[in-house]
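J.: Here is a sequence together with a model predicted from it:
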Amino acid sequence: MSEIVWAPDVVEESVLLAERRLPPADARAFRRQRDRIYRELEPDRREVRFQTLHLEWFRRLRLAAILEQTIEAHGAVLQRVRGCAVARARSNREAGADLVDASQAGSDTDRRPMLLLQVMPAALLDPAALAGWLQHELMHVSDMLDPAFGYQRTLPSSPDDPVAGNIVRDRYRVLWDVSIDGRLARAGRDIGAKRAVRAFEFAATFRMLGDRLPEVFDDWFDRVQPTHGRILAVAGNPGGRPVDAGRCPVCRLPTGAPFDSAAGLTAPVEALVRANHPGWRAEHGLCLQCRDLYEARHADFARARGLHDAGRLEVAAPHPIPIE
Amino acid sequence: MPTVRNWQLGREMSYPYDARFPSRQFAFVFNINRCIACQSCTMACKSTWTFNKGQEHMWWANVETKPYGGYPQWWDARILARLEEANPAGQVWGGAPADARFGPYGVFEGTTIFEAAATTLTPDSARVLGYLPADDEWNAPNIYEDNPVGKRGVRNQLDPTGEQLPEHKTWFFYLARICNHCSYPACLAACPRKAIYKRPEDGIVLLDQAECRGYRKCVEACPYKKSMYRGNTRTSEKCIACFPRVEGTDPETGGEPMETRCMAACIGQIRMQGLVQIAADGTWAEDRQNPLYYLVHVAKVALPLYPQFGTQPNGYYIPPRWVPRPYLRQMFGPGVDQAIDSYVNPSRELLAVLQLFRRSNRIIDRYEIQEGPKVYEGSLRGRKVELFNDTVIAFGRSGREIFRTTIEEPIHVRTNAHANSI
């Protein structure tokens, strides 16, 4: 792999933040050099001089050291990428590692992907936290490059149900993070309090597992050697329930859960559904969202009628069905 | 470090420079009770001054939902926490409110950001206690919009009696902010290049772009975080109080001072801006018929934002009457109770002065009231209420009348020429 390419704004911001920790003499020296650049009025030349100065101090303050050392320690990853670029992340959420396809980078000869790291400049000033974050992110990259893992960038989605795609992606992310920190811990790396953090995320995402939750988490953290297919299978159907229960006969949207039998619906609510869907019968069932919707609509009509009867509302909206 | 007199704190305080006062001071009053967070002010400013490359994250004027919102995020909580660390349990007010222009809220016995710097920072950066917000703290100017405070420890559930006065249990409010053009600016104090200056004619605080070298000390120092760094020019920038308008050079007014863009755009009519006369000792000179002087020093309904920071800000707020008082006392000082009492039981004169908000874009220099007939008599919360349809007349710097308006809103009847138009 060739040299790491640093985005100028990462370099500049990290140097400006590091300046605050410099001994006064060094800080003054930096400022003397930087202040002189403002005398250059030609914008392009001024920009180049700023970038050169910041890069020089970036090297001098060894702000790249931890990142470069950590990447070099991942020799297997390095052999499979064409190069590494570091760009600025504007928030922790943006920070992460990814692979950019060679075709996107415009290379004809080298088809290997580029490693793209997005970091917040302030992170470069905290070597211990940066090293921990990097080893986690590089494990993601290592999995993506490993044919045995079988990573595929695009997850299956349903054109009828975009929400399902988001849910699967969230679950996929949590499972992958758990398995990575588990593998790092098994390899004897110091992951601090990450087990507890991952357990919390896992519990929040896979609440449907109920009593089995701790057991499944321990399995993923302590034992599982994940593959893309295995993660996807669990993310797509964590509870092992029937995969496709069909479409709701009322709203026609796909539902992952069996239909509610419509038992317990009051007669006016049933009548309200039938007023909108004449062919529908209670035994067809309906999804939970539809059930909520029609119960709420009925409650609205009933409340308006009550206010009207009490003389507090001039006009009550006409209910599509008679209410006793 | 020299000593200066801070009338809002009712005492002297240390400041890196000797006191110098402008003849007039840019000042404003925002009535929080009226703000609906439409962000018209925000966009008026953005579209006038900060629409260029490198200014994407800049909002010189912004409206945030308190208590959780903030731009940059948590700005006030963070500086309050730093002050508390510097002076644990000591950030308190004492003394008695004075019926004078010096110390009207009592005496602040705690530590200002200038005084805290002397005790907590290393000598090299010892001028002002502050902090430099990280990138992500500038990213979401309207974060936590409309998020109310609920019952502690109870999620997703509103208090059934949360909206009952005098203090709501479920509450939030909108805080509109611009640069306060402070009398003792922290940005000016911190600038190692002396690139920031306060204009002697109107007290507007400006940042000389030719002198700035992007040290970001002003960004770090300003407790209100209204100085911002621009990455592509590598200089800092801040609100300029639309000074060409305030100078009266806008052709619209023919030489009369005009209010800023954010003031003029306010459809909620929460804003009034003016130029107040400053006495030789730095207090506001007696100017009984100036509406800002009346609101701040006579009716005492408008209070400075976080006066305890010590910068003597020139932005004043009529506090929201539904918000729990401890929070408001922290934000506006001990004058809150009196201010809210005056606002909810307004005098005949206060009611008239409140009608002056946003009837014109021109700066009001003084007002007069012509008494009108009694139009209502009743009681409110056990107090007798009388309403008079007085007429209030606003005059500009030149002495010419700008407008006149009445307590009762005039009723306009549309002619039948356009009966169905909106």
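T.: Structure's in. What do you need?

J.: where along the chain do the helices fall?
T.: I went with chain A, as the question did not name one. Here chain A has its helices, by DSSP state H, at A:8-19, A:24-37, A:43-60, A:65-72, A:75-80, A:102-105, A:127-145, A:162-186, A:194-205, A:213-222, A:228-236, A:267-276, A:288-309.

J.: wait, chain B
T.: Taking DSSP H, the helices of chain B run over residues B:40-49, B:75-86, B:113-120, B:186-190, B:217-221, B:243-247, B:261-264, B:291-293, B:325-332, B:336-344, B:348-354.

J.: in the last one, what's buried?
T.: It refers to helix B:348-354. Buried positions in helix B:348-354, judged by neighbour count with 16 or more other CB atoms under 10 Å in any protein chain shown: B:350, B:352-354. The C-beta positions use only the backbone N, C-alpha and C, and glycine is treated the same way.

J.: do the fourth one as well
T.: Judged by neighbour count (16+ other CB under 10 Å), helix B:186-190 contains these buried residues: B:186-190.

J.: Please enumerate residues in contact with it?
T.: Contacts to helix B:186-190, defined as CB atoms under 8 Å, 6 or more residues apart in numbering or on different chains, come from residues B:15-17, B:113-114, B:127-128, B:130, B:196-198, B:205, B:207, B:217-218, B:220-223, B:227, B:238, B:309, B:311.

J.: Separate out the buried members of those residues.
T.: For the contacts of helix B:186-190, a burial check counting by 16+ other CB under 10 Å picks out B:15-16, B:113-114, B:127-128, B:130, B:196, B:198, B:205, B:207, B:217-218, B:220-223, B:227, B:238, B:309, B:311.

J.: so where's the chain shaky on pLDDT?
T.: I'll assume chain A. Confidence mapping of chain A against pLDDT under 70 gives the ranges A:1-2, A:102-108, A:158-161, A:241-245, A:256-261, A:312-324.

J.: Please refer instead to chain B.
T.: Ranges of chain B meeting pLDDT under 70: B:122-125, B:419, B:421-422.

J.: Alongside chain A, which residues does it contribute?
T.: Residues of chain B lying close to chain A by CB under 8 Å from any CB of the partner chain are B:124, B:132, B:134-136, B:139, B:213-216, B:231, B:234.

J.: Looking at those, which is nearest chain A?
T.: If you rank those by distance to chain A using CB to the nearest CB, B:Asp136 comes first, at 3.8 Å.

J.: give me the number of residues near the residue in the stretch 151-300 of chain A that chain B sits nearest to?
T.: Going by CB to the nearest CB, chain B is nearest to A:Ala204 of the stretch 151-300 of chain A, at 13.8 Å. Using other CB atoms under 10 Å in any protein chain shown, A:Ala204 has 10 neighbouring residues.

J.: and the gap between it and B:Ala265?
T.: A:Ala204 sits 43 Å away from B:Ala265, going by CB to CB, to the nearest Å.

J.: and the buried ones among the contacts of helix B:186-190, which of them are in strands?
T.: Counted as lying in strands by DSSP state E, out of these, are B:196, B:198, B:205, B:207, B:227, B:238.

J.: which residues sit in contact with the first one?
T.: Read that as B:Ile196. Neighbouring residues of B:Ile196 by CB under 8 Å, 6+ apart: B:185, B:187-188, B:205-208, B:218.

J.: at 10 Å what do you get?
T.: Counting by CB atoms under 10 Å, 6 or more residues apart in numbering or on different chains, B:Ile196 touches B:185-190, B:205-208, B:211-212, B:217-218, B:221-222, B:227, B:236, B:238.

J.: hey, what's it bridged with?
T.: B:Ile196 has these beta-bridge partners by DSSP bridges: B:Leu207.

J.: Next to chain B, which bits of chain A? Give me the list.
T.: Contact residues (CB under 10 Å from any CB of the partner chain) of chain A with chain B: A:9, A:12-13, A:16-17, A:19-20, A:23-24, A:27-28, A:31, A:34-38, A:43, A:46-47, A:50, A:88-95, A:120-122.

J.: So how do I select the buried members of the residues you listed in PyMOL?
T.: Selecting only the buried entries of the residues of chain A next to chain B in PyMOL, with 16+ other CB under 10 Å as the criterion:
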select buried, chain A and resi 9+12+13+16+17+19+27+31+34+37+38+46+50+88+89+95+120+121+122
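
J.: Isn't A:Phe221 up against A:Asp181?
T.: Yes - judged on CB atoms under 10 Å, A:Phe221 makes contact with A:Asp181 at a distance of 7.1 Å.
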